[in-house]
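> I'd like to go over a predicted model; first the sequence, then the structure.
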Amino acid sequence: MRIVFVADDIDAVGGIQTATHTLAQHLTGRGHQVHVVGLYANPDPAGPPETPRYRRTVLHAPPPHMPADPGRLCSAKRQMRQIIDAGDVTIMSSVHVSLWLHDLPSSIARPVRIGHYHGSYEYARGHYHLNVIRDLWPHLDAGVFLSPDDAAAFAAHTRLRTTWIPNPLSAAAPPAAPPRLDRVLAVGRLAAIKRFDLAITAFTRAAVSGWQLHLIGDGEQEHTLRRLAEPAGDAVVFRGRLPAGDMPGEYAAAQLLVMTSAHEGFGMVIAEAFAAGTPAVAFNVSGGVRFLVRHDHTGLLVTPGDLDALTTALRALMSDPPRRRQLGHAARSTAQRLHPDTITGQWEHLLAGLTRQEARP
């Protein structure tokens, strides 16, 4: 099968890029011809975490925030049409991609078209995303969401054929098992949307002796967050961005992960922590987070933005080693369901069914 993934930016550091790369790599390993296309060039490309076995193309279309360039846009659209016409399936990895492709003419032998939404219903309904999905995606062959909650919510508010497939873990091998340290991890870009200010404040208020909070990532809020953390001294440690290959060991060495994002489609950092047997305290912001963090089974869910509840949850788990071990064991079992071979198989099953339907008279 010839499969085309289309994303806004294939060289950024993020969940869409990681999931797309992992799926493309494993689908190629199963004999499919996979082409991953980015609409826009990244000025600081990170590239995939491993050498791609699939084809990659960046169209260099003019980004939305740049001045209009009709000639460049026309060239990108022409190239995109040629790529899509050469495929059997087109998977659009964002709402914006589906808008960009909406008026793109295609050949009579139209490929199967799938919308793959990496956000949550909670986020989409407060954004223009829900309107686009409601208006444009029913014309697609399927919409793929990240959790059963999200698929059900979108099905109830659109005429779209919905299904759900979680994002895969990027690495199949379990991480090493170094000694656990009295450490809470917060992982992600140091940006306002991640609300690491709440993680720092709650951790400081929890005040369990000997523990540290390690923030892994960089971003525009680093200076502000460092100032907030100053009263905590060396209990809050800023690690900067680490290579992806170092992260399994970081998760395995920690006792807990804290996730305080204002919105999160799935929460790959939670899945990666679970693969190491590390439970999470997380804001209940999406179906994807709820799929991973089952309250008091694989971690603790907290009402979004509730600082007192976040403080209480962190203190409870930091002070209770047996409970952490119990949650961590269940978290590791949950992560096994996200093995890339398992998720790739689910995608193959979906694509095979859709292409058979498309081939019927």
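Looks like it arrived, so ask away. Numbers count the residues shown, from 1 in each chain.
> Arg81 reaches Leu104, doesn't it?
Yes: contact status for Arg81 versus Leu104: in contact at 5.7 Å, counting by C-beta atoms under 8 Å. Every residue, glycine included, has its C-beta placed from N, CA and C.
> Look at the two and report which has more neighbours.
Relative neighbour count places Arg81 above the other of Arg81 and Leu104, with 15 against 12, counting by other C-beta atoms under 10 Å.
> measure the more buried one to Ala335 for me?
Distance, Arg81 to Ala335, by C-beta to C-beta, to the nearest Å: 40 Å.
> Outline the domain layout of this protein.
Listed domain ranges for the chain are 2-170+339-359, 183-336 (source: automatic domain parsing).
> ranking those by burial, who's on top?
For the domains of the chain, ranked by mean neighbour count under the definition mean count of other C-beta atoms under 10 Å, the leader is domain 183-336 at a mean of 20.
> First-to-last residue distance for it?
End-to-end span of domain 183-336 (C-alpha to C-alpha, to the nearest Å): 24 Å.
> Name the SS class of the closest residue to Gly38 other than its chain neighbours, please.
Distances taken as C-beta to C-beta, 6 or more residues apart in numbering put Ile10 closest to Gly38, at 3.6 Å, once the chain neighbours are dropped. Using DSSP: H, G, I helix; E, B strand; the rest coil, the structure places Ile10 in coil.
> any idea of the pLDDT on Ile10?
At Ile10, the pLDDT value in this model is 94.
> Then Asp103?
For Asp103, the model assigns a pLDDT of 80.
> again with Leu169
92.
> same deal with the one 5 residues further on?
Confidence per residue is given as pLDDT, and for Pro174 that number is 58.
> Leu27 and Trp347 touch, don't they?
Yes: look at Leu27 against Trp347 with C-beta under 8 Å: they come within range, at 7.0 Å.
> Looking at the protein, which helix is longest?
Longest helix of the chain, by residue count under DSSP state H: helix 340-359.
> name the helices or strands packed onto that one?
Contact here means 3 or more C-beta pairs under 8 Å, 6 or more residues apart in numbering; DSSP states H and E; on that basis helix 340-359 packs against helix 15-29, strand 89-92, strand 112-116, strand 142-145.
> can you tell which of these is closest to Asp246?
Ranking the helices and strands packed on helix 340-359 by proximity to Asp246 (C-beta to C-beta) places helix 15-29 first, at 15.1 Å.
> The closest one vs helix 340-359, what angle?
Helix 15-29 runs at 80 degrees relative to helix 340-359, counting by axes from the mean of the first three to the mean of the last three C-alpha atoms, to 10 degrees.
> how about the helices of this protein, start to end?
Using DSSP H, helices in the chain cover 15-29, 70-85, 95-102, 121-124, 129-136, 148-157, 196-206, 222-229, 247-253, 268-275, 287-292, 307-318, 321-336, 340-359.
> before we move on, back to that, as JSON lines, the helices and strands packed on helix 340-359 with distance to Asp69 would be great.
Listed next are the helices and strands packed on helix 340-359 as JSON lines, based on distance: least, C-beta to C-beta, whole Å:
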{"stretch": "helix 15-29", "distance to Asp69": "25"}
{"stretch": "strand 89-92", "distance to Asp69": "23"}
{"stretch": "strand 112-116", "distance to Asp69": "27"}
{"stretch": "strand 142-145", "distance to Asp69": "31"}
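> Of these, which is nearest Val302?
helix 15-29 (20.9 Å).
> tell me what the closest one is packed against?
Right, helix 15-29 is packed against strand 2-7, strand 33-38, helix 268-275, helix 340-359 by 3+ C-beta pairs under 8 Å, 6+ apart.
> 7 Å - rerun?
strand 2-7, strand 33-38, helix 340-359 (3 or more C-beta pairs under 7 Å, 6 or more residues apart in numbering; DSSP states H and E).
> Any idea which of these gets closest to Val112?
With C-beta to C-beta as the criterion, Val112 lies closest to helix 340-359 of the helices and strands packed on helix 15-29, at 4.8 Å.
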